[in-house]
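**Student:** Sequence and computational prediction follow.
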Amino acid sequence: MVLTIDVGNTRIKGAVFERDKMKEVFVFPKEEIQEKIEEVLKKHKKVTHLVVASVGDVDKNSFLRFQNELDVWFVSPEDNFPFANNYATPKTLGIDRMVLAAGATLQFQGQNRLIIDAGTCVTYDFVDENDVYHGGAISPGLRLRYESLHNFTEKLPLLTLQSPRYFVGDSTTEAIHSGVVNGLVYEINGFVDEYQSKYPNFIIILTGGDTEFLAKRLKNTIFANSNFLLESLNQIFQYKIEND
């Protein structure tokens, strides 16, 4: 069994896999790494491998302390990936984006793929039908948009995510909700329309913490899976075993 860990900017998310079957998903703050992993290992005694992808500021030793019990693998850009990387600055490409691109390549073969990860930031990553990664875009996520309006103005309040009641905001609160939520929805739809106009045989994969909130608001048909990065970590681990 495999324990996959995604260390994000604001939290840690993990899952236990038995081959391709996800047995459990969990989310916890960074301060609880050791306690949570110990809890998972007590429950799933057959776990033998720990696979980690990290974009956060967590010390590797937090995971290496389990190396007497588990085979620990930190996914890095130097690993063998199932796509050709055409990014102009490959050393600056986040490992989370690489893992998502790998998962899309392995799961949706022979298609043009756009992976949209809606978390703290919204990332767009494009892998063509020939398994070439080209790059994409990065923009602020929903929470960052709310926070920036509050932090960089004198009087706008800090709001939490909420669906706007109507397109036209009839108060400052409703205007912020409309601007933040509708603004991101229009952005995503605009990117998707642009890609679809240029590439046939196209699939859109939506993942990240805001997947459920955004999926029902988008006009395009998408494959929505909030756990796609964790599944991709398991897939790339299997790919590593088969190709090493």
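**Tutor:** On my side now, so go ahead.

**Student:** CA atoms for contacts and neighbours, from now on please.
**Tutor:** Will do.

**Student:** so where do the helices sit in the protein?
**Tutor:** 33-43, 61-64, 95-107, 142-151, 172-177, 183-198, 211-215, 228-243 (DSSP state H).

**Student:** which of these sits most buried?
**Tutor:** Comparing the helices of the chain by mean neighbour count (mean count of other CA atoms under 10 Å), helix 95-107 ranks first with a mean of 23.

**Student:** domains for the chain, by residue range?
**Tutor:** Domain segmentation of the chain under automatic domain parsing yields 2-74, 84-233.

**Student:** okay, the ones you listed in JSON lines with mean pLDDT and distance to Asp244 next?
**Tutor:** Below are the domains of the chain laid out as JSON lines (pLDDT from 0 to 100; distance: least, CA to CA, whole Å):
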{"stretch": "domain 2-74", "mean pLDDT": "88", "distance to Asp244": "14"}
{"stretch": "domain 84-233", "mean pLDDT": "95", "distance to Asp244": "16"}
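
**Student:** re earlier: quick one, which of the helices of the chain is nearest to Asp20?
**Tutor:** Minimum separation from Asp20 across the helices of the chain (CA to CA) falls at helix 228-243, 7.6 Å.

**Student:** Contacts made by the closest one with the rest, please.
**Tutor:** Residues from elsewhere that reach helix 228-243 (CA atoms under 8 Å, 6 or more residues apart in numbering): 2, 4-6, 13-15, 17, 20, 22, 51-53, 80-82, 96, 99-100, 102-104, 106, 207-208.

**Student:** Redo the domains of the chain as TSV? Include distance to Tyr239.
**Tutor:** What follows is those, written out as TSV (distance: least, CA to CA, whole Å):
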stretch	distance to Tyr239
domain 2-74	12
domain 84-233	9
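
**Student:** Show me which of the contacts of helix 228-243 are buried.
**Tutor:** Using 16 or more other CA atoms under 10 Å as the burial test, the contacts of helix 228-243 include 2, 4-6, 13-15, 17, 22, 51-53, 81-82, 96, 99-100, 102-104, 106, 207-208 as buried.

**Student:** just how off-centre is stretch 182-201 within its chain?
**Tutor:** Offset of stretch 182-201 from its chain centre (CA atoms, centre = their mean, to the nearest Å): 18 Å.

**Student:** err, stretch 88-102, not the other one
**Tutor:** Relative to its chain's centre, stretch 88-102 lies at 12 Å (CA atoms, centre = their mean).

**Student:** could you dump that stretch to PDB, C-alpha only?
**Tutor:** The C-alpha coordinates for stretch 88-102 follow below in PDB (Å, rounded to 0.1, in the frame of the first residue of the first chain):
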ATOM      1  CA  ALA A  88      11.100  27.400 -21.200                       C
ATOM      2  CA  THR A  89      12.200  27.500 -17.500                       C
ATOM      3  CA  PRO A  90      11.800  23.900 -16.300                       C
ATOM      4  CA  LYS A  91      13.700  24.600 -13.100                       C
ATOM      5  CA  THR A  92      10.900  27.000 -12.000                       C
ATOM      6  CA  LEU A  93       8.100  24.600 -12.700                       C
ATOM      7  CA  GLY A  94       6.300  23.600  -9.500                       C
ATOM      8  CA  ILE A  95       6.400  19.900  -8.700                       C
ATOM      9  CA  ASP A  96       2.600  20.000  -8.100                       C
ATOM     10  CA  ARG A  97       2.100  21.100 -11.700                       C
ATOM     11  CA  MET A  98       4.400  18.400 -12.900                       C
ATOM     12  CA  VAL A  99       2.600  15.700 -11.000                       C
ATOM     13  CA  LEU A 100      -0.800  16.900 -12.300                       C
ATOM     14  CA  ALA A 101       0.500  16.900 -15.800                       C
ATOM     15  CA  ALA A 102       1.900  13.400 -15.300                       C
END
